[in-house]
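J.: Pasting a predicted model and its sequence here:
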Amino acid sequence: MKFFLGFVIALYALAICIIVLYIPYLDISYRYDLHFADNVLRLWHGQTVIAHNLLQTSRYVFPRFWWINYVLMLAFWLYGLHIFCRRYVFGLVKRMLASVSKTIPDARHMSFMFIMLTGFLIISLILEEMALRIAGTYTSANEAMGMSYQSAYEPRATGWLNICRPNTTANSKTAEFTFSHKVNSQGYCDKEWAVKKHTKLRIACIGDSFTQGMGAPADSSYPTLLQDMLQDCEVMNFGVAGTEPDFGYMALKERALLYHPDIVTLTVNASDINDMIAYGGFGRFNKDGTTTFNHGPWHEPLYAHFYIARLILYRQFNIDINVHLTPTVLAAEEKKAIAELEEALDRFYSLCAANNTRCVFIFHPGNEEVRRDSMSAYPVMQYAKSKGYESVDMLEGFKQQGMSAKNVDTYFWPQDGHNKPQGYYLFAKVLQQQLLPVFSDTSSIGQPVQ
């Protein structure tokens with residue numbers, strides 16, 4: 001009977017610990033109010049208002065010192081548990097088991113033992129959390145580079161365009177590099193553009209952080225280097241971190257076509273699949289000009305803040321580290337994301353053709369894909385080629401330029417995964433060589449390549 005009672009108490013204490021640690025992040029992660037937290041607190045103690053005020057005060061008075069939040073919350077919870085257990089739980093248990101055992105301690109002693117057990121459990125969890133953080137086994141990519149955790153489901157834009165704040169400076173700082181790019185009045189990391197062309201050709205490069213040039217100085221992004229390699233050609237950089245083909249389509253429709261480019265390029269990579277899972281397809285764009293993103297799975301707040309949760313989710317459930325889905329759900333979501341990417345390419349190409357603009361899709365690898373000589377975006381590239389869309393296999397281009405698994409760190413930042421200036425130079429060089437007929441002949445603009 002004592003073993004059974006101890007087992008029940010242990011489960012009870014674990015549930016309390018999870019609630020204590022989880023409640024402070026409910027409204028931060030999903031912008032919920034505190035109604036759920038109030039209801040849970042009401043079960044343990046009648047002073048809901050005190051708990052609410054304490055939670056709000058600890059969160060906003062000490063935003064940088066998270067451990068103070070835990071100290072204050074744990075102090076209140078231990079007091080509340082003591083009162084609740086004395087008044088309700090153990091008195092009821094004592095009456096229920098009185099006929100079975102005549103040696104049950106009084107309610108005060110049981111309450112004390114229960115609080116001690118809860119305290120030891122919390123201390124053990126804190127020690128395990130500290131050990132996991134020191135080991136760094138389950139550190140996310142951003143955290144490994146000295147940054148805070150960033151959710152894949154975090155909204156990147158409130159409107160249809162994913163742009164930087166106009167007329168500011170976009171800073172990219174990691175443990176490996178620090179660079180700053182000036183943002184023009186349109187919200188892109190490039191010089192100011194004139195609507196009227198002053199060169200023979202104008203190229204608009206649309207894409208994510210690789211197009212923006214993250215990981216290199218402003219003069220070493222591949223659009224800038226490509227312009228230096230070509231004659232009488234203006235290359236415009238419409239790259240913004242977090243942009244995938246759906247946002248790229250909106251950038252083409254709402255911004256790039258205003259400058260009447262002769263050629264438009266769109267980069268596609270493996271991160272676009274995860275982005276599509278997190279953002280959703282074209283359904284994210286509301287008619288009122290706002291954007292609605294998918295919500296992350298319920299366990300992501302636990303994953304974001306606690307390494308113990310990462311240990312359990314990794315080891316027991318094989319949760320994906322990027323979008324936090326189980327293998328079965330992830331496979332279904334990836335299939336859906338690839339279909340949405342294909343739809344985005346169709347819309348992108350059709351819009352280019354309708355405006356007599358040549359469209360070129362560029363499929364490029366990350367550093368790990370260079371090592372394994374395979375790209376996750378291959379299915380999307382095969383679809384584009386089957387439709388007759390002009391496509392560039394950048395992995396093959398890199399290999400032809402001498403990049404291999406042995407020297408990949410020369411061209412990519414090992415931890416961050418973005419290109420170094422040498423990598424962006426190779427990117428531009430491959431485009432110059434593989435797309436040279438495009439730059440020298442504009443007679444087929446708007447026509448599919450067979």
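T.: Looks like it arrived, so ask away.

J.: Confirm residue 297 sits in a strand?
T.: No. Checked against DSSP: H, G, I helix; E, B strand; the rest coil, residue 297 lies outside a strand; its state is coil.

J.: Can you give me the distance of the residue lying closest to it once chain neighbours are set aside to residue 293?
T.: Leaving aside its sequence neighbours, residue 297 sits nearest to residue 324 (CB to CB, 6 or more residues apart in numbering; 5.2 Å). Bear in mind the C-beta positions are built from the backbone N, C-alpha and C, glycine included. When distance is defined by CB to CB, to the nearest Å, residue 324 is 15 Å away from residue 293.

J.: the more surrounded of those two?
T.: More neighbours surround residue 324 than the other of residue 324 and residue 293, with 24 against 15 (other CB atoms under 10 Å).

J.: That one touches residue 310, doesn't it?
T.: No. Residue 324 is beyond contact range of residue 310, at 9.9 Å (criterion: CB atoms under 8 Å).

J.: list residues touching both of the two?
T.: Taking CB atoms under 8 Å, 6 or more residues apart in numbering as the criterion, residue 324 and residue 310 both touch residue 303.

J.: and residue 381, what is it in contact with?
T.: 268, 361, 363, 375, 391, 393.

J.: Flag the shaky bits of this structure, pLDDT-wise.
T.: Within the chain, the segments meeting pLDDT under 70 span 1-117, 437-450.

J.: quick one: contacts for the residue most central in space within it?
T.: By CA atoms, centre = their mean, the chain has its centre lying nearest to residue 152, at 2.1 Å. Going by CB under 8 Å, 6+ apart, residue 152 touches 274, 275, 277, 278, 296, 322, 323, 324.

J.: next SSE after whatever helix or strand the second one lives in?
T.: The reference is to residue 275. Under the criterion of DSSP states H and E, residue 275 resides in helix 271-279. Sequence-wise, the next helix or strand downstream of helix 271-279 (DSSP H and E) is helix 300-305.

J.: what about that next one, distance to the chain center?
T.: Taking CA atoms, centre = their mean, to the nearest Å, one finds helix 300-305 lying 13 Å from the centre of the chain it belongs to.

J.: need the helices for the stretch 301-450 of the chain, in chain order.
T.: 307-317, 327-354, 367-372, 378-386, 394-400, 421-434, 436-440 (DSSP state H, counting those that start in this stretch).

J.: now for those helices, which one comes closest to residue 412?
T.: helix 367-372 (3.7 Å; CB to CB).

J.: Count the residues that sit near the closest residue to residue 207 other than its chain neighbours.
T.: In this structure, residue 207 finds its nearest non-sequential neighbour in residue 267, 3.4 Å apart by CB to CB, 6+ apart. Neighbour count of residue 267, defined by other CB under 10 Å: 27.

J.: My read is that residue 267 contacts residue 210, right?
T.: Yes. At 6.1 Å, residue 267 and residue 210 qualify as touching, with contact defined as CB under 8 Å.

J.: Next, the contact list for the closest residue to residue 371 other than its chain neighbours, please.
T.: Nearest residue to residue 371, sequence neighbours excluded (CB to CB, 6+ apart): residue 405, at 4.4 Å. Taking CB under 8 Å, 6+ apart, we find residue 405 in contact with 370, 371, 372, 373.

J.: ok, these vs residue 127, which is closest?
T.: Comparing those against residue 127 with CB to CB places residue 371 closest, at 36.9 Å.

J.: was I right about that closest one contacting residue 406?
T.: No. With contact defined as CB under 8 Å, residue 371 does not reach residue 406; the gap is 9.2 Å.

J.: Comparing these two, which shows the higher neighbour count?
T.: Between residue 371 and residue 406, counted using other CB under 10 Å, residue 371 has the larger neighbour count: 15 against 8.

J.: residue contacts, residue 143?
T.: Contacts of residue 143 (CB under 8 Å, 6+ apart): residue 149.

J.: Could you say which helix or strand holds it?
T.: Here residue 143 is assigned to helix 141-144, by DSSP H and E.

J.: contacting residues around the helix or strand just after that helix?
T.: Using DSSP H and E, the helix or strand that follows helix 141-144 towards the C-terminus is strand 169-173. Contact with strand 169-173 is made by 147, 164, 178, 179, 180, 181, 182, 183, 189, 212, 214, 215, as judged by CB under 8 Å, 6+ apart.

J.: Helix, strand, or coil at the last one?
T.: Assigned state for residue 215: coil (three-state reduction, three-state DSSP).

J.: What separation is there between residue 364 and residue 393?
T.: Taking CB to CB, one finds residue 364 at 9 Å from residue 393.

J.: Neighbour count for those two, which is higher?
T.: residue 364 (26 against 18).
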